[in-house]
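*Asks:* What would the 3D arrangement of this be:
(one chain, ligands or ions: 2)
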Amino acid sequence: MPSPSILFVDHSAALGGAELYLLDVAKHFRDRAAVVTFENGPFVDRLQAACIKSQVIAAPASILEVRRDSSFLRLVAAVPALCRFAFQLVSTARDYDILFANSQKSFLVTAIAGVLSRRPVIWNLHDLLTDDHFSAGKRHLVARVANACASRVIVNSEATRKAFASSGGRRSLTRIVYNGIDAADFDVSPHDVQTVRNNFQLQSEPVVGVFSRLASWKGQHVLLDAVAALPEIHVLIVGDALFGGDVKYARTLRQTAEKRGMAHRVHFAGFQQNIAPYLHACDIVIHTSTAPEPFGRVIVEGMLAGKPVIATKAGGAREIITSEQNGLLVAPGDSAALRQAIVSLLSKPDMARALAQRGRQEAASRYSLEKMVEGINHVFQSVAPPVTTA
Ligand code: UDP
Ligand code: GLC
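*Replies:* Ligands and ions are numbered 1, 2, ... in the order given. Okay, here's the model as predicted:
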């Protein structure tokens with residue numbers, strides 16, 4: 001069977017984990033694929049730099065302004081705009097065999113475009129459809145649309161699959177494809193690591209780092225609480241607020257560090273195009289999400305950098321880390337438990353080294369780019385329309 005052509009669709013042009021994942025996927029299929037986004041931004045720049053065909057079909061504000069925390073009524077009110085906007089996607093959609101939506105908002109639009117263009121639609125679900133993240137109304141709406149319009153739902157973890165099914169989604173539609181991450185990107189030169197350490201004037205003191213975007217559910221405040229009583233520890237906070245609603249949280253984090261007299265040892269690095277040298281500059285990599293993480297690329301990236309990782313015990317993180325074997329898990333939001341885990345890794349370097357070593361091996365074999373591409377190819381082959389030969 002000839003290889004099908006694919007139109008990837010993502011509403012966002014910010015560099016979130018889902019977009020970084022799509023960048024790697026689209027790189028692999030670039031000779032027969034294009035990516036549509038609903039806005040311009042750094043993700044589009046990265047697609048262009050990777051020679052991936054891209055197109056911005058600008059969505060109206062009424063669609064872009066529907067956010068994760070918007071009410072169900074707001075989403076319902078946007079439905080006519082979503083339908084009108086789907087018509088704009090149809091002529092591009094007809095040039096491809098398969099439509100692949102990489103976010104919830106783009107899925108709703110692509111589902112309609114798929115019906116109009118008679119193309120199979122794959123939804124890559126990166127979110128956990130649970131109460132922590134979405135209202136019941138929204139969860140059930142997208143799950144129903146998936147049941148009616150999606151040929152397959154790719155999920156980024158077993159946890160995401162379970163939440164989709166609990167929201168009314170058909171489990172038989174789902175296929176798990178874990179994010180694949182290129183281990184080679186995490187081999188960095190000692191010079192690059194030293195540059196990071198020099199930038200923040202880090203000497204011999206222990207450094208712990210957190211690498212998620214700044215957002216309240218990503219829980220960076222829990223790490224500040226945890227190290228408040230550990231005055232020798234420096235904290236590297238890498239990432240920035242990617243979405244409008246999170247700017248206030250980012251400001252509060254900085255104010256908290258100042259108010260608690262920690263500003264000299266809490267370093268805000270902002271968003272970095274390449275976090276690898278920053279990971280290497282740390283003794284421990286920490287994931288602090290207070291709500292279940294759907295997958296958690298940063299956990300795998302910390303492991304690939306050969307660092308001991310502490311993550312919160314929920315969602316996809318529990319599939320990546322088995323506590324005390326390839327990392328440590330602590331209860332979400334429990335700053336005392338996090339403090340204890342940090343102290344224990346710093347006081348037992350042999351144990352920390354063993355966890356990191358095993359973590360690195362397991363991350364490299366389980367979350368390879370090859371496995372990811374194989375999983376996606378499998379899904380493409382299963383939904384591709386049969387080709388008729390004359
Ligand atoms: N990231 C980045 N620069 C930063 C902070 C994070 O490129 O300054 C990347 C990080 O390497 C990871 C992604 O952002 O690949 C975050 O993905 P994850 O799945 O951990 O969480 P998400 O933000 O998608 O919920
Ligand atoms: C989403 C999730 C994150 C996941 C990423 C890639 O952004 O929040 O947990 O790792 O998608 O699948």
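*Asks:* switch to C-alpha atoms for all contacts and neighbour counts from now on
*Replies:* OK.
*Asks:* residues from the stretch 201-350 of the chain in reach of ligand 1?
*Replies:* When proximity is defined by CA under 6 Å from any ligand atom, the stretch 201-350 of the chain lies next to ligand 1 at 211-213, 238-239, 270-275, 295-298.
*Asks:* again, 8 Å this time
*Replies:* Contacts of the stretch 201-350 of the chain with ligand 1, taken as CA under 8 Å from any ligand atom, map to 211-213, 218, 238-240, 269-276, 293-299, 301.
*Asks:* These also near ligand 2: which ones?
*Replies:* Within those, those near ligand 2 by CA under 8 Å from any ligand atom are 293, 294, 295, 296, 297, 298.
*Asks:* List the ones among these that fall in helices.
*Replies:* When DSSP state H is applied, these are split such that 297, 298 fall in helices.
*Asks:* which of the ones next to ligand 2 among the residues of the stretch 201-350 of the chain next to ligand 1 sit farthest apart?
*Replies:* Pairwise distances across those (CA to CA) peak at 11.8 Å, for the pair 294 and 298.
*Asks:* Look at the two and report which has more neighbours.
*Replies:* Higher neighbour count among residue 294 and residue 298: residue 294, with 23 against 20, using other CA atoms under 10 Å.
*Asks:* contacts for stretch 62-72?
*Replies:* Stretch 62-72 has contacts (CA atoms under 8 Å, 6 or more residues apart in numbering) with 11, 38, 74, 75, 78, 81, 82, 133, 134, 135, 137, 138.
*Asks:* Determine the longest helix present in this protein.
*Replies:* Counting by DSSP H, the longest helix found in the chain is helix 349-366.
*Asks:* Only alpha carbons, please: show the helix or strand just after that helix as CSV.
*Replies:* Proceeding N to C from helix 349-366, the next assigned helix or strand is helix 369-383, under DSSP states H and E. The C-alpha trace of helix 369-383 is given here as CSV (Å, rounded to 0.1, in the frame of the first residue of the first chain):
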residue,chain,number,x,y,z
LEU,A,369,11.8,8.2,18.3
GLU,A,370,11.7,4.9,16.4
LYS,A,371,9.0,3.4,18.7
MET,A,372,7.0,6.6,18.4
VAL,A,373,7.1,6.6,14.6
GLU,A,374,6.3,2.9,14.4
GLY,A,375,3.3,3.4,16.6
ILE,A,376,2.0,6.3,14.5
ASN,A,377,2.7,4.5,11.2
HIS,A,378,0.7,1.6,12.4
VAL,A,379,-2.3,3.9,13.1
PHE,A,380,-1.9,5.6,9.7
GLN,A,381,-1.9,2.2,7.9
SER,A,382,-5.0,1.1,9.8
VAL,A,383,-7.1,4.2,8.7
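*Asks:* just the buried members of the residues of the stretch 201-350 of the chain next to ligand 1?
*Replies:* Buried by 16 or more other CA atoms under 10 Å: 211-213, 218, 238-240, 269, 271, 275-276, 293-299, 301, out of these.
*Asks:* Going toward the C-terminus from the lowest-mean-pLDDT helix or strand in the chain, what's the next helix or strand?
*Replies:* Using mean pLDDT, DSSP states H and E, helix 72-77 stands out as the lowest-scoring helix or strand of the chain, at a mean of 78. Following helix 72-77 in sequence order, the next helix or strand is helix 79-93 (DSSP H and E).
*Asks:* which bits of the stretch 1-150 of the chain sit near ligand 2?
*Replies:* Within the stretch 1-150 of the chain, the positions near ligand 2 by CA under 8 Å from any ligand atom are 16, 17, 18, 19, 20, 21, 125, 126, 127, 128.
*Asks:* can you do 6 Å?
*Replies:* Within the stretch 1-150 of the chain, the positions adjacent to ligand 2 are 16, 17, 18, 126, 127 by CA under 6 Å from any ligand atom.
*Asks:* same question, the stretch 151-300 of the chain
*Replies:* With CA under 6 Å from any ligand atom as the criterion, the stretch 151-300 of the chain meets ligand 2 at residues 156, 179, 293, 294, 295, 296, 297.
*Asks:* The longest helix of the chain and ligand 2, any residue contact?
*Replies:* No. Using CA under 6 Å from any ligand atom, helix 349-366 stays clear of ligand 2, coming no nearer than 13.8 Å.
*Asks:* quick check: angle from that helix to helix 369-383?
*Replies:* Counting by axes from the mean of the first three to the mean of the last three CA atoms, to 10 degrees, helix 349-366 lies at 30 degrees to helix 369-383.
*Asks:* now helix 349-366: mean pLDDT?
*Replies:* On average, the pLDDT along helix 349-366 is 98.
*Asks:* Same check on stretch 284-297?
*Replies:* 98.
*Asks:* Repeat that for stretch 201-217.
*Replies:* Mean predicted confidence for stretch 201-217 is 96.
*Asks:* CA-only coordinates of it in CSV, if you can.
*Replies:* What follows is stretch 201-217, C-alpha atoms only, in CSV (Å, rounded to 0.1, in the frame of the first residue of the first chain):
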residue,chain,number,x,y,z
GLN,A,201,27.0,32.0,39.4
LEU,A,202,26.5,28.4,40.6
GLN,A,203,29.4,27.2,42.7
SER,A,204,29.5,23.8,44.5
GLU,A,205,26.1,24.1,46.1
PRO,A,206,23.5,21.5,45.2
VAL,A,207,21.1,22.6,42.4
VAL,A,208,17.6,21.3,41.8
GLY,A,209,15.8,22.2,38.6
VAL,A,210,12.2,22.3,37.3
PHE,A,211,11.6,22.5,33.6
SER,A,212,7.9,22.9,32.9
ARG,A,213,6.0,25.9,31.6
LEU,A,214,5.0,28.2,34.4
ALA,A,215,1.4,27.4,35.2
SER,A,216,-0.3,26.8,38.5
TRP,A,217,-1.0,23.1,37.9
